[in-house]
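> build the 3D model from these lines:
(chains A, B, C and D)
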Number of protein chains: 2
Amino acid sequence: MRLTPLQQEFVLHFGEMGSRWGINRTVGQIYALLFLSEQPLNAEQITTALGVSRSNTSMGLKELQAWSLVRLRHLPDDRRDHFTTPDDLWEIVRTLVAERKKREIDPTLTKLRELEMQGPRGDNYAESRIAELRELIETMTGFYEEMEKLETERLVQLMTLGSRLRGVLETGRSLNPFAKSKKGRAASKGK
Amino acid sequence: MRLTPLQQEFVLHFGEMGSRWGINRTVGQIYALLFLSEQPLNAEQITTALGVSRSNTSMGLKELQAWSLVRLRHLPDDRRDHFTTPDDLWEIVRTLVAERKKREIDPTLTKLRELEMQGPRGDNYAESRIAELRELIETMTGFYEEMEKLETERLVQLMTLGSRLRGVLETGRSLNPFAKSKKGRAASKGK
DNA sequence: CAGTAATTTCTGAAACAACAGATATTCCTT
DNA sequence: AAGGAATATCTGTTGTTTCAGAAATTACTG
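Modelled structure (predicted):
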């Protein structure tokens, strides 16, 4: 398989960013390639397109599956595994956030609760600091869980509220500019 | 400097999590130690408390400064640098998010725009996929910028909206349960 | 403008991660 | 059950990261 110049550049960028994202170059490249590929690709195609070893591709795909970032597809009359990324980008974001939370936040939240369970140990400052941190993480993960429940449509609606966000948070103010409220019709210009 | 058992356990946990957070063990430990320390600490104290080399401490502090995660403090009659973390945890979160965005998102957004600037190249699927990704990132960073502008109080208010979040997004519904609206007082049962 | 304390940078060793090629396993076909 | 295609795992090599200790630099003190 041969890449177009556009695909090439995109793939190389994702490879370079890999290390910042906590994955290796090959994993980044495989993901980028699948992301830009209209058809699902098999391991062989990925290997030749990226010019990496077959084994490297295999490990990369395994890692991407552990992240639930690729899906397996089977084509008729072909028993090779073919891989794609979801068409819906918001679904990809949801997956990414969920996985990162699972790996980067949850273990710490568990540990903090564990430390608190062991009861007061007379280390007052540290204890209060830990409690505060736990509360903050709980607040944030609680918010995350609420957002996770929203359908994509509502989520986008929330994200594109823009400057109206501030207004919504002021008690008594409605999101509907036509609702009965003195300040109701503020801020209406979208992008 | 000698650590209490509570500090010890917390510090070790942050060290272990370091690799998942994209920092090394020592950096994680230094941060954890400073986080639990009521007084600012100097490099020497950190070194003995963690049992690492002086040079390692120096590199770790440099890295934490690059992340803007620690602040420098000078005590009277002492020319050594002393380090602390902010008292306000929300400030820490803001810093973390801002830095991660800068390192993990912005370069890719720039690259995507760059690719689009090079104009259509007849690679239709890839082009539309890239445009879609850029739009999504712009939506998310736009939302982030709005949240960044909120004072902490409002931010916490937003995050603790809970199930009312859904209600707020339904056009015409006010955040104020007493506002005049037929559906106004719906959605009050918690989890 | 020495002398010394504090900090940073250099150096090499050890641990770890990434990778290609070879070998082994799985799973389908007949 | 044998053959063969697809995939996964093992093995050794290369590259990278982490770290301590040494050397160099910087920044104060008298």
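> count the residues that sit near residue A:37.
Residues lying near residue A:37 (other Cβ atoms under 10 Å in any protein chain shown) number 22. From N, CA and C alone the C-beta is placed, and that goes for glycine too.
> that one contacts residue A:84, correct?
Yes: using Cβ atoms under 8 Å, residue A:37 is in contact with residue A:84, at 7.3 Å.
> wait, what's in contact with residue A:113?
residue A:134 (Cβ atoms under 8 Å, 6 or more residues apart in numbering or on different chains).
> swap the cut-off to 10 Å and go again
A:130, A:134, A:137-138 (Cβ atoms under 10 Å, 6 or more residues apart in numbering or on different chains).
> again with residue A:67
Residue A:67 neighbours (Cβ under 10 Å, 6+ apart): A:22-23, A:27, A:31, A:95-96, A:98-100, A:102-103.
> return the members of those classed as buried.
Among the contacts of residue A:67, those classed as buried by 16 or more other Cβ atoms under 10 Å in any protein chain shown are A:22-23, A:27, A:31.
> which of those are close to DNA strand C?
residue A:27 (Cβ under 7 Å from any atom of the strand).
> among the buried ones among the contacts of residue A:67, which are in helices?
A:27, A:31 (DSSP state H).
> among the buried ones among the contacts of residue A:67, which two are most distant?
Greatest spatial distance among the buried ones among the contacts of residue A:67 (Cβ to Cβ): A:22 and A:31, at 12.6 Å.
> and residue A:93, how many neighbours?
Neighbours of residue A:93 under the rule other Cβ under 10 Å: 15.
> repeat that for the one 4 residues further on.
Neighbourhood size, residue A:97 [other Cβ under 10 Å]: 13.
> show me what contacts it?
For residue A:97, the contact set (Cβ under 10 Å, 6+ apart) comprises A:144, A:147-148.
> filter these down to the buried ones.
Among the contacts of residue A:97, the ones that count as buried by 16+ other Cβ under 10 Å are residue A:147.
> could I get the contacts of residue A:97 in JSON lines, plus columns for secondary structure, pLDDT and distance to chain B?
Below are these laid out as JSON lines (DSSP: H, G, I helix; E, B strand; the rest coil; pLDDT from 0 to 100; distance: Cβ to the nearest Cβ, whole Å):
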{"residue": "A:144", "secondary structure": "helix", "pLDDT": "96", "distance to chain B": "9"}
{"residue": "A:147", "secondary structure": "helix", "pLDDT": "93", "distance to chain B": "8"}
{"residue": "A:148", "secondary structure": "helix", "pLDDT": "94", "distance to chain B": "11"}
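> now distance to residue A:89 too, for the contacts of residue A:97, in JSON lines please.
Below are these laid out as JSON lines (distance: Cβ to Cβ, whole Å):
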{"residue": "A:144", "distance to residue A:89": "18"}
{"residue": "A:147", "distance to residue A:89": "16"}
{"residue": "A:148", "distance to residue A:89": "16"}
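> closest to residue B:112 among the buried ones among the contacts of residue A:67?
For the buried ones among the contacts of residue A:67, the minimum distance to residue B:112 (Cβ to Cβ) is 14.9 Å, reached by residue A:31.
> if we look at chain B, which of the buried ones among the contacts of residue A:67 are close to it?
When contact is defined as Cβ under 10 Å from any Cβ of the partner chain, these meet chain B at residue A:22.
> now do the same contact list for the nearest residue to residue A:104 once chain neighbours are set aside.
Here the nearest residue to residue A:104 in space, its sequence neighbours aside, is residue B:20; by Cβ to Cβ, 6 or more residues apart in numbering or on different chains that works out to 5.3 Å. For residue B:20, the contact set (Cβ under 10 Å, 6+ apart) comprises A:22, A:100, A:103-105, A:107-108, B:28.
> which one of the residues you listed sits closest to residue B:161?
Distances from residue B:161 to the contacts of residue B:20, taken by Cβ to Cβ, are shortest for residue A:105, at 20.1 Å.
> right, and the closest one touches residue A:140 too?
Yes: counting by Cβ atoms under 10 Å, residue A:140 is a contact partner of residue A:105 at 8.1 Å.
> what residues go with each domain of chain A?
Taking automatic domain parsing as the reference, chain A has its domains at A:5-84, A:89-159.
> contact partners for the residue nearest to residue A:18 when sequence neighbours are not counted?
Once flanking residues are discounted, residue A:18 sits nearest to residue A:28: 3.2 Å by Cβ to Cβ, 6+ apart. By Cβ under 10 Å, 6+ apart, the contact set of residue A:28 is A:11-21, A:60, A:64.
> just the pLDDT for the residue nearest the centre of chain A.
Centroid check for chain A by Cα atoms, centre = their mean gives residue A:96 as the closest residue, at 2.5 Å. At residue A:96, the model reports a pLDDT of 92.
> and it, what does it touch?
A:21, A:67-69.
> all helices for chain A, in order.
Counting by DSSP H, the helices of chain A are A:5-21, A:25-36, A:43-50, A:54-66, A:89-100, A:106-117, A:124-149, A:152-159, A:164-169.
> can you redo the ones you listed as a markdown table with distance to residue B:55?
What follows is the helices of chain A, written out as a markdown table (distance: least, Cβ to Cβ, whole Å):
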| stretch | distance to residue B:55 |
| --- | --- |
| helix A:5-21 | 24 |
| helix A:25-36 | 29 |
| helix A:43-50 | 39 |
| helix A:54-66 | 34 |
| helix A:89-100 | 32 |
| helix A:106-117 | 28 |
| helix A:124-149 | 27 |
| helix A:152-159 | 45 |
| helix A:164-169 | 47 |
